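**Q** Kindly generate the corresponding structure for this input.
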Amino acid sequence: MNSISQAISQSGFHTIDFIILVVYLIILVGLGLFLSRSKDGKEKSANDYFLAGNTLTWWAVGASLIAANISAEQFIGMSGTGYADGIAIAAYEVMAAVTLVVIGKFLLPVMLKRKIFTIPQFLRERYNDGVGLAFSVLWLFLYVFVNLTSVAWLGALAIEQILGLNGVAISIFGFEVSMRMVIILFLFIIAGTYSIYGGLASVAWTDVMQVTFLVGGGLVTAYVALKEMGVALGTDAFGALGQVYNDMTTGANANDVHFHLVIQESHNPSAFANVPGIAAVVGGVWLTNLGYWGFNQYIIQKGLAAKNVDEAKKGLVFAGFLKILIPFIVVLPGICAYYIFKHPDLFSNLNLQGTIEKSDEAYPWLIRNFTPTGIKGLSFAALTAAIISSLASMFNSTSTLFTMDIYKKYINKNAPDKQLVKVGRIVAVTALIIALVAVKPLLGGLDQAFQYIQEYSGFIYPGIITVFGLGLLWKRASAKAAVWTAILTIPMGVLFKVCFPEVAFQFRAGYIFIILVSFFIIMSYFDKKYVSAEEVSTADQQQMLKWSKILGGAGAAMILLAAIVVVMGQSTALTAYLNDIGFQAFIFFGVLVGCNAVWLYSNAKDKVRDTKALPIDLSLFSTNRGYTYGTIGICAITFLLYALLW
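**A** Presented below is the predicted three-dimensional model:
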């Protein structure tokens, strides 16, 4: 205990910082338990526990989406990648904002109309039980062994670094346990206390408070770090940012990739492998974002719990604007840490403590050295809020998946709501224990955990986008095609990883998607299990045919142009540059855009449909003027950021 208190005393934390953190945690758990109480002794129904009784307003939906998403994965992992590779990693955040409005317009309305509890439930209803069960198991493994473990590990690493507890261990019943594992257990207990008892209502409404802390605290941390750098450089916070930008984009550092959203391979091959140029805009990042935001249970569950479709759509636009703030909160601090270590002579008077041995240590190091007393506690609370909110969402969604898709479907079909809620709580506790045991073997020793998460999640997203997307939108999408696509997804990812290890994972994911979506479409057309399709109105048919021509032409043009660039290679300065920024990604994007022409044309013209196809209802895709303005705003900001930081 002496070593722990000594380490903390040297970390720069003072009593007021810990008071801020403790008060925050007490308010969080108290609010979560208060919100989870049953009114008038009424038992919680399954809808109350798993979907908050469909009571979420747009601001609760948006805040909860971001709170569930932003965690140690971003604060630590993305900041670490910002330290190593630069601001290009922000493409995940910026393009996610664009993805959210696409999902809000085309995917979420269909799922809300079907009154979906879980994503695998949709697969059972649309295809068959086998497809639903396969994806239930797949998501459960992903949540427990990738999501829960990575968020807990990165969060504990951050807290350990900030408090100066690296390498410290304590003895428990004669066993030596590292402080990192103790911190992980603490995080699990705090997140589990209110989420396991109260269900989604507790998670979603406390997320409104959590997102305020994580965005506000994160912005304050970034500003204070720049302000302290400015003192050393003889300027203010914005002057420091300007000098950092200028020093890293001109002169001898003109080819430094840290302040470019599009990385050239010749400038930094290792950074390009992680964020491959234009592919971060039009490449496999779309698979990651569509899969994560559209079909990931612990994310989309917030949209499914909205009061109605309009509230859900507004919530996704609100989340999109919040998402654009994230690079300034998490990536910029990593770049600042890189600049400080690159120019130690400029900051020699700051008496900086510690060093950065792994990229993921950048954000904790920055908090420890640059945030003053009080602000340090606020920053710590923001980071803790991000970790706990994500863990809480994952516990709730893990229990929802197992309870509704496996227990109720295959073990106890007639289980009353009280039993379902009980089972959900037991499952969440079990997931907590399994993740606690598995976390160290899976994540110990990683340098950039964010890239690990993206790459291995990317193994399943090509198949998920194909099966879910075409199942929602195409009347001929068949169960047989869905089953075989699901079976092939992970083996294809492993095969490409083994055979083409030098290819950036975003490109690999794009190639796999092209193969799987082609396979799915061909197999669906050869499937003989179909029935006569209902007549499509003339107006709807004309709309679909018009857009099939537009999207088909655009997709073909992208593929042709990208193929010409690849074939010409280094023969001209233009094609050499385009190849250097990964222009080949437009082959994938052309297929992604063009395959929409297939289902639109088929829906308009084909006289048959799959036996379980969803009815065609274009009115679901209509949006009001506010949604349109919000979409324009998000796209305009995205365009401006790329214009300034290309």
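**Q** buried ones in the lengthiest helix in the chain?
**A** Secondary structure of the chain per DSSP state H: the longest helix is helix 200-233. Using 16 or more other CB atoms under 10 Å as the test for burial, helix 200-233 gives 200-211, 213-215, 217-218, 220-230, 232-233. Using the backbone N, CA and C atoms, a C-beta is placed for each residue, glycine as well.
**Q** How about stretch 409-422?
**A** 409, 415, 420-421.
**Q** Can you give me the neighbour number for Ile490?
**A** Applying other CB atoms under 10 Å, we find 13 other residues in the vicinity of Ile490.
**Q** Excluding sequence neighbours, find me the nearest residue to it.
**A** Phe459 (5.6 Å; CB to CB, 6 or more residues apart in numbering).
**Q** Could you do Ala563 as well?
**A** Ile587 (6.7 Å).
**Q** Assess the claim that that neighbour and Leu561 are in contact.
**A** No - counting by CB atoms under 8 Å, Ile587 does not reach Leu561; the two are 9.4 Å apart.
**Q** ok, those two, which is more surrounded?
**A** In this view Ile587 and Leu561 are compared by other CB under 10 Å, and Ile587 has more residues nearby, 23 against 15.
**Q** picking up where we left off before, which secondary structure elements does the next helix or strand after the longest helix of the chain sit against?
**A** Next in sequence after helix 200-233, counting helices and strands by DSSP states H and E, comes helix 237-247. If you count contacts as 3 or more CB pairs under 8 Å, 6 or more residues apart in numbering; DSSP states H and E, helix 237-247 packs onto helix 200-233, helix 332-342.
**Q** tell me the mean pLDDT for helix 237-247?
**A** The average of the pLDDT scores along helix 237-247 is 87.
**Q** Off-centre distance for it?
**A** Once both centres are worked out by CA atoms, centre = their mean, to the nearest Å, helix 237-247 turns out to sit 29 Å from its chain's centre.
**Q** quick revisit: what about the residue nearest to Ile490, neighbour count?
**A** Neighbours of Phe459 using other CB under 10 Å come to 22.
**Q** Same question for Tyr525.
**A** Look at Tyr525: counted by other CB under 10 Å, it has 14 neighbours.
**Q** Show me what counts as buried in whichever strand or helix holds it.
**A** Using DSSP H and E, Tyr525 falls within helix 505-526. If you call a residue buried by 16+ other CB under 10 Å, then helix 505-526 has these buried ones: 505-517, 519-521, 523-524.
**Q** now swap in stretch 154-168 and tell me
**A** Under 16+ other CB under 10 Å, the buried positions of stretch 154-168 are 154-166, 168.
**Q** That one spans what distance, first to last residue?
**A** Taking CA to CA, to the nearest Å, stretch 154-168 runs 17 Å from one end to the other.
**Q** Surely Trp365 touches Ala337?
**A** Yes - if you go by CB under 8 Å, Trp365 and Ala337 touch, sitting 6.2 Å apart.
**Q** what touches both of the two?
**A** Shared contacts of Trp365 and Ala337, defined by CB atoms under 8 Å, 6 or more residues apart in numbering, comprise Ile356.
**Q** still on that earlier bit, so which of the buried residues of stretch 409-422 comes closest to Leu290?
**A** Nearest to Leu290 among the buried residues of stretch 409-422: Lys409, at 26.2 Å, using CB to CB.
**Q** Start and end of stretch 468-488, how far apart?
**A** End-to-end for stretch 468-488, by CA to CA: 15 Å.
**Q** Now do the contacts for Val483.
**A** By CB under 8 Å, 6+ apart, the residues touching Val483 are 127-128, 130-131, 134.
**Q** Against Leu133, how distant is it?
**A** The gap separating Val483 from Leu133 is 11 Å, by CB to CB, to the nearest Å.
**Q** follow-up on the earlier one: element containing the residue nearest to Ile490, please.
**A** Going by DSSP H and E, Phe459 is not part of any helix or strand.
**Q** Thought Leu495 was touching it, still the case?
**A** No - using CB under 8 Å, Phe459 is not in contact with Leu495, being 10.7 Å away.
**Q** Okay, now the unreliable bits of this structure?
**A** 1-12, 35-54, 72, 174, 194-205, 443-458 (pLDDT under 70).
**Q** Next, the residues that contact stretch 539-547 from outside, please.
**A** 536, 596-597, 600-601, 603-605, 616, 618.
**Q** how about that stretch: buried residues?
**A** Neighbour counts using 16+ other CB under 10 Å place 540, 543-545 of stretch 539-547 among the buried residues.
**Q** about what we covered before: go ahead and build a ChimeraX selection from the buried members of the contacts of stretch 539-547.
**A** Listed next is the ChimeraX selection for buried residues among the contacts of stretch 539-547, using 16+ other CB under 10 Å:
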select :536,596,597,600,601,603,604,616
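**Q** Of the contacts of stretch 539-547, which is the nearest to Gly77?
**A** When the contacts of stretch 539-547 are ranked by distance to Gly77 (CB to CB), Asn596 comes first, at 32.3 Å.
**Q** show me what contacts the closest one?
**A** Contacts of Asn596 were listed using CB under 8 Å, 6+ apart, and they are 473, 547-548, 551, 555.
**Q** which ones among those residues are found in helices?
**A** Among the contacts of Asn596, the members falling in helices (DSSP H) are 473, 547-548, 551, 555.
**Q** Out of the residues you listed, which end up buried?
**A** Buried residues within those, counting neighbours by 16+ other CB under 10 Å: 473, 548, 551, 555.
**Q** would you turn those into JSON lines with distance to Ile326?
**A** Below are those laid out as JSON lines (distance: CB to CB, whole Å):
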{"residue": "Leu473", "distance to Ile326": "29"}
{"residue": "Ser548", "distance to Ile326": "35"}
{"residue": "Leu551", "distance to Ile326": "30"}
{"residue": "Gly555", "distance to Ile326": "30"}
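**Q** of those residues, closest to Tyr143?
**A** Leu473 (26.0 Å).
**Q** Verify the stated contact: that closest one with Phe106.
**A** Yes - between Leu473 and Phe106 there is a contact under CB under 8 Å: 7.5 Å.
**Q** Please identify which helix or strand holds Glu176.
**A** Using DSSP H and E, Glu176 sits within strand 175-178.
**Q** quick one, what contacts Arg114?
**A** 122, 125, 614.
**Q** Name the residues of stretch 116-127 that come out as buried.
**A** Quick answer for stretch 116-127 (16+ other CB under 10 Å): 116-124, 126-127.
**Q** Now intersect the residues you listed with the helices, please.
**A** 119-124, 126.
**Q** Of those residues, just say which sits nearest to Val144.
**A** Among those, Pro120 lies closest to Val144 (CB to CB), at 15.4 Å.
**Q** List the residues that contact that closest one.
**A** Contacts of Pro120 (CB under 8 Å, 6+ apart): 132-133, 135-136, 139, 401, 405.
**Q** can you check Asn308 too?
**A** The contact partners of Asn308, taken as CB under 8 Å, 6+ apart, are Leu112.
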